[in-house]
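Q: give me a model of this one.
(2 chains)
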Protein chains: 2
Amino acid sequence: MMRGGGGLPTLDVSVTRKISDSTVRRLSQYLRILEGRRDSDPGTLSSHELAGDAGTTAAQVRKDLSLFGSFGKRGMGYRVDELKDHLREILGLQRVWRVALLGAGRIGSALFEYADFRRRGFDIVAVLDRDPGKIGTPWGKVVVRDVRDLERTLAEDEIDVVILAVPEEAAQLLTDLAVGAGVRGILNFAPVQLRVPPDVAVQDVNVVTELEALSFELTRSRGNGAG
Amino acid sequence: MMRGGGGLPTLDVSVTRKISDSTVRRLSQYLRILEGRRDSDPGTLSSHELAGDAGTTAAQVRKDLSLFGSFGKRGMGYRVDELKDHLREILGLQRVWRVALLGAGRIGSALFEYADFRRRGFDIVAVLDRDPGKIGTPWGKVVVRDVRDLERTLAEDEIDVVILAVPEEAAQLLTDLAVGAGVRGILNFAPVQLRVPPDVAVQDVNVVTELEALSFELTRSRGNGAG
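A: So this is what the prediction gives:
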């Protein structure tokens, strides 16, 4: 099932077992910063510079990267091209992930239009919906399919990852079908806790949770809101 | 600036200093589970039941809640109504947060249509955009305003929180204006690391980061993708 793949030395994946979610998010952020550099920028970067752009500390940068081996030379900083390649390898981005988008509503269409996905290795090769008014309409190079064809689509199109942008009440059923068809990664926009087997990875995007985290921070910094 | 506020005993906010982001996310999830219970369900809930619905362990539930005082009685479980009130208080949800939505594009409109916000204490009282074709159009009870009126809108409407659903290149400028106008909370959908003073809380929603976290998980569980 592995497509693409680079020529870099193999990382010891056994060391990646205990990597926290926040570490992974920072690695993704470091990669984005490195990718945002211009050709005219220097070819090396210190942990201090990377930390400054990422809103963290140089010690944190060094700690995050040291989990995956030895990068950079003391006093020399990191070589930008090399570190980019390593981060892509760590994050599993040296291949193209084949993605099916379930739900062609507002969120689905906003996601589909986001050109950055393809460039970053996530190729939306199928869009499915249950709305007869949407089924059959072209979205870029794909045509919206009937969600009732989900299992066949997932198999035929060799889908790795499903983006779930459907109403709450449809989310678990579609998840079960996708998992049954061999999908092992789900990006979930439905405000519901999906039940999946342990070998299936789920990332939830829940805006209410984010707002509540913000509310928590604001309440904490202003003192207690009750009273 | 505090609106609403309940009659519950004041929590000791000093203990909330070191609460991790993942703890706050779980608290938000526990609240959602409790809110999803029907009137016909029992009035109490064990940590095991809550853990099962949240996809975590009973020990984790007890640990998370114990950070904020003593809830539940040994062998009796938690009283649903009481725990809901406490969680709302902890998360700062016993008041209404006044929200301005910056950006009336696809993501902005998807967010605006999401009725759950209001019910959960986040009231979008202003929508702003720079598109003359959108300015002046009614969105529910509000009318889309010119983003050039941002500072006046934020002051007049007593905005607490800004949702940033604008292109990357506009994000920092609008952030600076909002912070200058006294906003202390930002939910950021632009794929950029915002620079803000330490007393401003930012939550980022970055779909690429979520997909990369998924890619990391999938690569880890399948073995290394390179080669």
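Q: drop to CA atoms for contacts and neighbour counts, all remaining ones
A: Will do.
Q: if you count contacts, what does the strand ranked longest in chain A end up packed against?
A: Ranked by number of residues, the top strand in chain A under DSSP state E is strand A:122-129. Using 3 or more Cα pairs under 8 Å, 6 or more residues apart in numbering or on different chains; DSSP states H and E, the elements in contact with strand A:122-129 are strand A:97-102, strand A:142-143, strand A:145-146.
Q: which residues does the first one contact?
A: Same thing as strand A:97-102. A:108, A:112, A:121-129, A:147, A:154, A:157-166 (Cα atoms under 8 Å, 6 or more residues apart in numbering or on different chains).
Q: are any of those buried, and which?
A: Listed as buried from the contacts of strand A:97-102 are A:108, A:112, A:121-129, A:147, A:154, A:158-166; burial here means 16 or more other Cα atoms under 10 Å in any protein chain shown.
Q: so where do the helices sit in chain A?
A: Using DSSP state H, the helices of chain A run over A:21-35, A:47-54, A:58-66, A:80-90, A:106-112, A:116-119, A:150-156, A:168-180, A:207-222.
Q: which residue is the nearest non-sequential neighbour of A:Leu27?
A: Excluding the flanking residues, the one nearest A:Leu27 by Cα to Cα, 6 or more residues apart in numbering or on different chains is A:Leu87, at 6.8 Å.
Q: what residues of the lowest-mean-pLDDT helix or strand in chain A count as buried?
A: Least confident element among the helices and strands of chain A, by mean pLDDT, DSSP states H and E: helix A:116-119 (a mean of 79). For helix A:116-119, a neighbour-count test (16+ other Cα under 10 Å) marks A:Phe117 as buried.
Q: please see if it touches chain B.
A: Yes - Helix A:116-119 comes into contact with chain B (Cα under 8 Å from any Cα of the partner chain), by way of A:116-117.
Q: again, but for stretch A:108-115
A: Yes - using Cα under 8 Å from any Cα, stretch A:108-115 reaches chain B at A:109-110.
Q: low-confidence stretches in chain A?
A: Low-confidence segments of chain A, defined by pLDDT under 70: A:1-17, A:72, A:115, A:222-227.
Q: domain boundaries for it, per the record?
A: Residue ranges for each domain of chain A read A:19-90, A:97-208, as given by automatic domain parsing.
Q: now the ones you listed in TSV, please, with extra columns for distance to B:Ala171.
A: As requested, those are exported to TSV (distance: least, Cα to Cα, whole Å):
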stretch	distance to B:Ala171
domain A:19-90	15
domain A:97-208	17
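Q: which of the ones you listed sits closest to B:Thr175?
A: Closest to B:Thr175 of those is domain A:19-90 (Cα to Cα; 15.6 Å).
Q: what is the end-to-end distance of the closest one?
A: Taking Cα to Cα, to the nearest Å, the first and last residues of domain A:19-90 lie 11 Å apart.
Q: cool, stretch A:40-50 as well?
A: 17 Å.
Q: that stretch near chain B anywhere?
A: No - legend: contact between stretch A:40-50 and chain B by Cα under 8 Å from any Cα is lacking; minimum distance shown is 12.0 Å.
Q: residues in contact with that stretch?
A: Counting by Cα under 8 Å, 6+ apart, residues outside stretch A:40-50 touching it are A:30, A:33, A:57-59, A:61-62, A:76-81.
Q: rerun that using 6 Å as the cut-off
A: A:58, A:77-80 (Cα atoms under 6 Å, 6 or more residues apart in numbering or on different chains).
Q: turn those into CSV, including distance to chain B.
A: Below are the contacts of stretch A:40-50 laid out as CSV (distance: Cα to the nearest Cα, whole Å):
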residue, distance to chain B
A:Ala58, 16
A:Gly77, 22
A:Tyr78, 21
A:Arg79, 20
A:Val80, 19
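Q: who touches A:Lys63 in this structure?
A: By Cα under 6 Å, 6+ apart, no residues touch A:Lys63.
Q: could you report the separation of the spatially closest residue to A:Val207 that is not a sequence neighbour from A:Arg62?
A: Distances taken as Cα to Cα, 6+ apart put B:Val205 closest to A:Val207, at 7.8 Å, once the chain neighbours are dropped. Taking Cα to Cα as the measure, B:Val205 and A:Arg62 are separated by 25 Å.
Q: one more: A:Trp97?
A: As for A:Trp97, its distance to A:Arg62 is 29 Å (criterion: Cα to Cα).
Q: more neighbours, these two?
A: A:Trp97 (24 against 18; other Cα atoms under 10 Å in any protein chain shown).
Q: just to revisit the earlier point, quick one: closest of the domains of chain A to B:Gly52.
A: domain A:97-208 (9.9 Å).
Q: and the closest one, end to end?
A: End-to-end for domain A:97-208, by Cα to Cα: 28 Å.
Q: what's the distance between it and the middle of its chain?
A: 13 Å (Cα atoms, centre = their mean, to the nearest Å).
Q: quick revisit: just say which of the domains of chain A is most tucked in.
A: Greatest average neighbour count among those goes to domain A:97-208 (a mean of 18), per mean count of other Cα atoms under 10 Å in any protein chain shown.
Q: contacting residues around stretch A:185-193?
A: By Cα under 6 Å, 6+ apart, stretch A:185-193 touches A:161-165, A:168, A:200-205.
Q: export those to CSV and tack on distance to A:Ser47?
A: Formatted as CSV, the contacts of stretch A:185-193 follow (distance: Cα to Cα, whole Å):
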residue, distance to A:Ser47
A:Val161, 33
A:Val162, 35
A:Ile163, 34
A:Leu164, 37
A:Ala165, 38
A:Glu168, 42
A:Val200, 34
A:Ala201, 31
A:Val202, 31
A:Gln203, 29
A:Asp204, 30
A:Val205, 30
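Q: CA atoms only: put stretch A:141-160 into CSV for me.
A: Extracted in CSV, the C-alpha atoms of stretch A:141-160 (Å, rounded to 0.1, in the frame of the first residue of the first chain):
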residue,chain,number,x,y,z
LYS,A,141,-11.4,16.5,-11.5
VAL,A,142,-13.8,14.4,-9.5
VAL,A,143,-17.6,13.8,-9.7
VAL,A,144,-19.6,13.7,-6.5
ARG,A,145,-20.7,10.1,-5.9
ASP,A,146,-23.6,8.6,-4.0
VAL,A,147,-22.6,7.8,-0.5
ARG,A,148,-24.4,4.5,-0.8
ASP,A,149,-21.5,3.5,-3.1
LEU,A,150,-19.1,4.2,-0.2
GLU,A,151,-17.6,0.8,0.2
ARG,A,152,-17.1,0.2,-3.5
THR,A,153,-15.5,3.7,-3.9
LEU,A,154,-13.2,3.1,-1.0
ALA,A,155,-12.0,-0.2,-2.4
GLU,A,156,-11.7,0.9,-6.1
ASP,A,157,-10.0,4.2,-5.3
GLU,A,158,-7.7,2.6,-2.7
ILE,A,159,-8.6,5.2,-0.1
ASP,A,160,-6.2,5.6,2.8
